[in-house]
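Novice: Task: produce atomic coordinates for the following.
(one chain, ligands or ions: 1)
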Amino acid sequence: MNHSVRKFRTPYELAEKFAGELVLMIKEASELNRPLSVALSGGSTPELLFSVLGDHYSNSAPWEFVHFFWGDERCVPPVSPDSNFGMAFRTLFKKIKIPEKNIHRIYGEQEPVSEAIRYSDLITNSTRKRDDLPVFNIILLGLGEDGHTASIFPGMTHLFNSEKICEVALHPVSHQKRITLTGRIINNADKIRFLVTGKNKAPIIKAILKKDESALNLPASLVVSVNGSIEWLIDSEAGSLL
Ligand code: 6PG
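Specialist: Predicted structure coming up:
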C-alpha cells in the first residue's frame, strides 16, 4: 500500500493547514448533523496543532459536533505534565465552547486494566460500527523514533493484533503504563493521519515510508487503512531523508 505523504516547510505550516482542514470537516459534520469522532494523539507534536485550533478557531468551528477521544494515554492523573488529556486541555479545550460530554478522556488516574475495559466499552457505545468494529472518523497518530505509534512499541505486536479495543501497554524505557487503542481499531478508521515533525524523526520516516526491511514489523508500519485513507503529514526536517 502506497502512503500518501504531504510535506510542509515548517511544523507551523503543517499545523495551520491541517487545522483548517479539520475545521472544514467539523463544519461538514454540522451541516450533515452527523457528529465527528476524533481520536487524538499525544506527545509533543500535536501540541502546535491544538494551539492553532484553540487560538484561531475557538469561535469559528461548531465544536459541539466533535467528540474527542484519545488513541492513547499515559497512566497518570490529568493534571500531570505527562497527561495527553492535560496537554489538549491547556492548548485547546479551555479555549473552545465544547460540551464536557463530548470530551472522552481516558482516566489515567484509574487502575489501568479496569480503565482499558471501561474505555473500550465507552468506545463501543459511542461510535458507529463497520465489520463489527468501532469506527473513528479521524485518528491522529504520532511516530516515535523507534517506530512506535499510539502506545504500541516495537516488540509489542500482540497489542497491535489484539482482539480487544484497548490494551494496557508499558513504555519500554520508563516502564510507564499506558492505555492504547489496538491496531484493528486504528486501521478501521475512516481517516488515519500521522503527524510527524523534526529532524530526529527523519531516519524512522525514511525507513517506514521506503519500507526498509528493518522497519516492516514496526508498529507504525502495521498501520494500514482498511476502509478509508491514510496520510502522513510531515515537515521538511522529518522528510529530509526522503
Ligand atoms: C504518546 C503518543 C506517542 C507519540 C509519539 C511521538 O502518548 O506519547 O501518542 O505515540 O505520538 O511518541 O511523540 P512526540 O510527538 O513527542 O515526538
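Novice: Got phi/psi on the residue in the chain that the ligand sits nearest to?
Specialist: With Cβ to the nearest ligand atom as the measure, residue 142 is the residue of the chain nearest to the ligand, at 2.0 Å. (Each C-beta comes from the backbone N, C-alpha and C, glycine too.) Geometry field for residue 142 lists phi and psi as phi -110, psi 180, criterion degrees, to the nearest 10.
Novice: got the residues of the chain near the ligand?
Specialist: Taking Cβ under 6 Å from any ligand atom, the part of the chain that reaches the ligand is made up of 41-45, 72, 84, 142-144, 148-151.
Novice: Most neighbours of all these, which one?
Specialist: When neighbours are counted by other Cβ atoms under 10 Å, residue 150 leads the residues of the chain next to the ligand with 33 neighbours.
Novice: mind checking pLDDT for that one?
Specialist: According to the predicted model, the pLDDT of residue 150 comes to 98.
Novice: list the contacts for it?
Specialist: Residue 150 makes contacts with 41, 71, 72, 141, 180, 181, 186, 219, as judged by Cβ atoms under 8 Å, 6 or more residues apart in numbering.
Novice: Adding secondary structure, write the residues you listed out as TSV.
Specialist: What follows is the contacts of residue 150, written out as TSV (DSSP: H, G, I helix; E, B strand; the rest coil):
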residue	secondary structure
41	coil
71	coil
72	strand
141	strand
180	strand
181	strand
186	helix
219	helix
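Novice: circling back: next one: the residue of the chain closest to the ligand from residue 216, what distance?
Specialist: Counting by Cβ to Cβ, to the nearest Å, the gap between residue 142 and residue 216 amounts to 20 Å.
Novice: With residue 40 instead?
Specialist: 27 Å.
Novice: and what of residue 181?
Specialist: Taking Cβ to Cβ as the criterion, residue 181 is separated from residue 216 by 21 Å.
Novice: More neighbours: which of those two?
Specialist: Between residue 181 and residue 216, counted using other Cβ under 10 Å, the more crowded position is residue 181 (33 against 11).
Novice: Which pLDDT value does the model give the residue nearest to the more buried one when sequence neighbours are not counted?
Specialist: Setting aside the residues directly before and after it, residue 181 is nearest to residue 71 in space (Cβ to Cβ, 6 or more residues apart in numbering), at 5.0 Å. The score at residue 71 is 98. That number is its pLDDT.
Novice: again with the one 3 residues further on
Specialist: Note for residue 74: predicted pLDDT of 98.
Novice: Ok, residue 1 next?
Specialist: At residue 1 the predicted local distance difference test score is 53.
Novice: Tell me how far the residue of the chain closest to the ligand lies from residue 104.
Specialist: When distance is defined by Cβ to Cβ, residue 142 is 19 Å away from residue 104.
Novice: Report the buried residues of the longest helix seen in the chain.
Specialist: Counting by DSSP state H, the longest helix found in the chain is helix 11-31. For helix 11-31, a neighbour-count test (16 or more other Cβ atoms under 10 Å) marks 11, 14, 15, 16, 18, 19, 22, 23, 25, 26, 29, 30 as buried.
Novice: returning to what we had before: next, the contact list for the residue nearest to residue 181, please.
Specialist: Taking Cβ under 8 Å, 6+ apart, we find residue 71 in contact with 39, 40, 41, 42, 139, 140, 141, 150, 180, 181, 186.
Novice: Quick check: it vs residue 84, distance?
Specialist: Distance from residue 71 to residue 84, counting by Cβ to Cβ: 9 Å.
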